[in-house]
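Novice: Sequence and predicted model, in that order:
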Amino acid sequence: MLINIYTRCLSLIFMLFVIGCQASTAPQDSKNDTDSTTISAVKEVIPGADQLSKYLPLLKGKKVGILGNQTSVVGQEHLVDVLIANGIDVRFAFAPEHGFRGKIERGEKVDNDIDSKTGIALHTLYGKNVKADSIVGSVDIMIYDLQDVGARFYTYITSMHRLMQLCVNQGTPLLILDRPNPNGDQVAGPVRKDDKYKSTVSYHKIAMVHGLTVGELATMINGEGWLNNGKTCDITIIPVENYDHSTLYEPPVIPSPSLPNYLSIRLYPSLCLFEGTDISVGRGTDFPFQVIGYADPRFGEFTFTPGVREGMAAHVEQKGKTCYGIDLRSIDPKTFTFTMKYFVDFYQKSDFKDKFIVRSEFFNKLAGNASLQEKIKKGWTAEEIENSWTEELSEYKKMRKKYLLYPDFE
């Protein structure tokens, strides 16, 4: 009796094994495409920094400088710590806006300092640094590793451009450890064309939501001749593995104090234009870039009061005031894409339209033009504004396609 049961069990196991093998070797037809895509989508995305075997040999025996911050990680460890543990001679680090550890206010001065954990010298690339050329010239190779968020006005890509120029000036090669773009599944907003509006928050002639990784943008900067005298930077890019522009990627480390989660990163391109106004987007709360409000009940029933939070103290709109507006925290970040709706709705609800955009020049720099402000003031709808960018976005996409390192979302 026991032998019979055992024999039957063995037979059943064998049958299941055969069926499984047949299923795994069955030819794929069109109706299985979705399953295949799903399987592909769950592969682990591996940023450039995590692929040590590909770039450590490029650094051995060389003096190394880094442009990085708290997002420069290899797994759970900081890139600098990993490099030093592997015997790499790290001489210094440049820090972007928000500093090396990511705790400095937006737009605030980043001082030269010493990193308390590693003891390496820290220098700033946010703002002016007259010694930057000689600093870059003191090493054999530079590394760029920052988690961008995919919006033209996010200044980490401005810092990359400046580093590329410094490397060209000094004949220093640049290693770029590429990372996914958490808004890389879309291209939207106006394209900056006029150099009149070139600034730290609008440095490149790209769409507001540019749809590029930093590696792709670096290739574009070289290819379009955007460095001084059309020179090109000697760059080596370590690409992201298992990534394409349809990938919805949630960064493991927050890029700055005001972008504390994936939803805030997805909303950021649509809400940053409010920084040309006195409307609050939640700075000084536990949910920045996830709410919108102003000290006037006409803007909505939801209320919040901005206060003081680490990294959000010096520039907090409506600090200490009860703000009325809307709560965006129930939005699914995976389905949200860029929109002008929130800005246009708040403008149209206001009874101070002449003073709504209080920092007019800064707003135009964020937008990359003066025409967006004009359209808003003329009463254009969000849909009309977005449709007005169709032609320029089409031209931008053609240029963008030349520099893509990964499959596109279209």
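Specialist: Done, it's in.
Novice: Strands of the stretch 1-150 of the chain, residue ranges please.
Specialist: Ranges of strands in the stretch 1-150 of the chain, per DSSP state E, counting those that start in this stretch, are 63-68, 73-74, 77-78, 89-95, 113-114, 121-124, 141-145.
Novice: among those strands, which gets the worst mean confidence?
Specialist: When those are ranked by mean pLDDT, strand 113-114 comes last with a mean of 78.
Novice: ok, back up a step: got the strands of the stretch 1-150 of the chain as CSV, with distance to residue 316 and mean neighbour count columns?
Specialist: No exception for glycine: its C-beta is placed from N, CA and C like everyone else's. Converted to CSV, those look like this (distance: least, CB to CB, whole Å; neighbours: other CB atoms under 10 Å):
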stretch, distance to residue 316, mean neighbour count
strand 63-68, 27, 23
strand 73-74, 29, 22
strand 77-78, 29, 17
strand 89-95, 23, 21
strand 113-114, 25, 12
strand 121-124, 23, 19
strand 141-145, 30, 25
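Novice: For residue 281, find the nearest of those strands.
Specialist: Across the strands of the stretch 1-150 of the chain, residue 281 has its closest neighbour in strand 89-95 (24.6 Å, CB to CB).
Novice: now the closest one, how far from the centre of its chain.
Specialist: A distance of 22 Å separates the centroid of the chain from that of strand 89-95, by CA atoms, centre = their mean, to the nearest Å.
Novice: quick one: that strand to strand 141-145, angle?
Specialist: 50 degrees (axes from the mean of the first three to the mean of the last three CA atoms, to 10 degrees).
Novice: In the sheet, which strands lie alongside strand 89-95, parallel or antiparallel?
Specialist: strand 63-68 (parallel), strand 121-124 (parallel) (DSSP bridges).
Novice: So for residue 140, which of those strands sits nearest?
Specialist: strand 63-68 (4.9 Å).
Novice: what about the closest one, distance to the chain center?
Specialist: The answer for strand 63-68 is 20 Å, by CA atoms, centre = their mean.
Novice: And for stretch 287-303?
Specialist: Using CA atoms, centre = their mean, the offset of stretch 287-303 from its chain centre is 25 Å.
Novice: How many residues are close by residue 86?
Specialist: 12 (other CB atoms under 10 Å).
Novice: returning to that earlier point: save the strands paired with strand 89-95 as a markdown table, and put in distance to residue 45 too.
Specialist: As requested, the strands paired with strand 89-95 are exported to a markdown table (distance: least, CB to CB, whole Å):
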| stretch | distance to residue 45 |
| --- | --- |
| strand 63-68 | 19 |
| strand 121-124 | 29 |
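Novice: Distance check, the residue positioned nearest the centre of the chain against residue 321.
Specialist: Nearest to the mean C-alpha position of the chain, by CA atoms, centre = their mean, lies residue 149 at 1.3 Å. Residue 149 sits 28 Å away from residue 321, taking CB to CB, to the nearest Å as the criterion.
Novice: Stretch 237-248: end-to-end distance?
Specialist: 21 Å (CA to CA, to the nearest Å).
Novice: Actually, stretch 174-187.
Specialist: 27 Å.
Novice: Phi and psi next, for the residue nearest to the centre of the chain.
Specialist: Dihedral pair for residue 149: phi -120, psi 0, per degrees, to the nearest 10.
Novice: same thing with residue 159?
Specialist: Residue 159 adopts backbone torsions of phi -60, psi -40, taken as degrees, to the nearest 10.
Novice: Excluding residues flanking it in the chain, which one is nearest it?
Specialist: residue 96 (4.3 Å; CB to CB, 6 or more residues apart in numbering).
Novice: so where is this structure shaky, pLDDT-wise?
Specialist: Under the criterion pLDDT under 70, the flagged ranges of the chain are 1-42, 97-99, 101-112, 126-130, 313.
Novice: For the stretch 301-410 of the chain, just list every one of the strands.
Specialist: Assigned by DSSP E, counting those that start in this stretch, the stretch 301-410 of the chain shows strands spanning 302-304, 323-327.
Novice: outside of the longest one, which residues touch it?
Specialist: Applying CB atoms under 8 Å, 6 or more residues apart in numbering, the external contacts of strand 323-327 come out as 279-280, 290-306, 342, 346.
Novice: tally of neighbours for residue 293?
Specialist: The burial count for residue 293: 27, using other CB under 10 Å.
Novice: wait, what's in contact with it?
Specialist: By CB under 8 Å, 6+ apart, the contact set of residue 293 is 279-280, 282, 299-300, 302-304, 318, 323-326.
Novice: May I see the ChimeraX selection of the buried members of these?
Specialist: Buried subset of the contacts of residue 293, written as a ChimeraX selection, criterion 16 or more other CB atoms under 10 Å:
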select :279,280,282,299,300,304,318,323,324,325
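Novice: what's the closest of the contacts of residue 293 to residue 62?
Specialist: For the contacts of residue 293, the nearest to residue 62 is residue 282 (43.9 Å; CB to CB).
Novice: which SSE is the closest one in?
Specialist: According to DSSP states H and E, residue 282 maps onto no helix or strand at all.
Novice: ok, it to residue 269 distance?
Specialist: Distance from residue 282 to residue 269, by CB to CB: 15 Å.
Novice: returning to what we had before: which residue sits closest to the residue nearest to the centre of the chain, ignoring its sequence neighbours?
Specialist: Leaving aside its sequence neighbours, residue 149 sits nearest to residue 265 (CB to CB, 6+ apart; 5.2 Å).
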